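J.: with the sequence up front, the predicted model follows.
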Amino acid sequence: MSWFIEALKKYAVFSGRARRKEYWMYMLFNTILYIVFAGVGFAIDFPALAGIFVVATLLPSLGVSIRRLHDTGRSGWWILISVVPLVGFIVMLVFTCSDSQAGENQYGPNPKEVPAFA
């Protein structure tokens, strides 16, 4: 859960790098919470509750995705490939599953080599 909280603390930070663990743990907890909010919204007859959650986590999700792309040595603009049906999802999945670019790149030091929580 600390990875999710850490990504929320970087609410609108689009610079730097995010390692795979940070990205996938954020996405895991984000998905779990979305399912919970959707279930609660359905139970109390307020289905917009899940939509409110999505809007509230939109910037942190974009931020961690862009930082993940930076970690693989790609520009954050590659996130726009996601709007291409099917192919965009597959390309982003490959990018986010790729290993970090070794050493320092133009976006900063490798997060694997720097302690995540000081």
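T.: Perfect, I can see it now.
J.: isn't Arg74 right next to Met92, touching?
T.: No: counting by C-beta atoms under 8 Å, Arg74 does not reach Met92; the two are 10.4 Å apart. Just so you know, the C-beta spots here come from the backbone N, C-alpha and C atoms, and that holds for glycine as well.
J.: low-confidence ranges in this structure?
T.: Low-confidence segments of the chain, defined by pLDDT under 70, span residues 114-118.
J.: and if we set it to 80?
T.: 1, 3, 113-118 (pLDDT under 80).
J.: what about stretch 100-109, distance to the chain center?
T.: 18 Å (C-alpha atoms, centre = their mean, to the nearest Å).
J.: scratch that, stretch 15-23 is what I was asking about
T.: Centre-to-centre, stretch 15-23 and its host chain are 8 Å apart (C-alpha atoms, centre = their mean).
J.: in that stretch, what's buried?
T.: Arg17, Ala18, Arg19, Arg20, Glu22, Tyr23 (16 or more other C-beta atoms under 10 Å).
J.: likewise for stretch 68-79?
T.: Arg68, Leu69, His70, Asp71, Thr72, Arg74, Gly76, Trp78, Ile79.
J.: so what touches that stretch?
T.: Residues outside stretch 68-79 that contact it (C-beta atoms under 8 Å, 6 or more residues apart in numbering) are 14-20, 22-23, 62, 65-67, 92, 95-96, 98-101, 105, 107-108, 110-111.
J.: give me the number of residues near Ala38?
T.: Around Ala38 sit 16 other residues, with neighbours defined as other C-beta atoms under 10 Å.
J.: and if you look at Phe14?
T.: Residues near Phe14, counting by other C-beta under 10 Å: 15.
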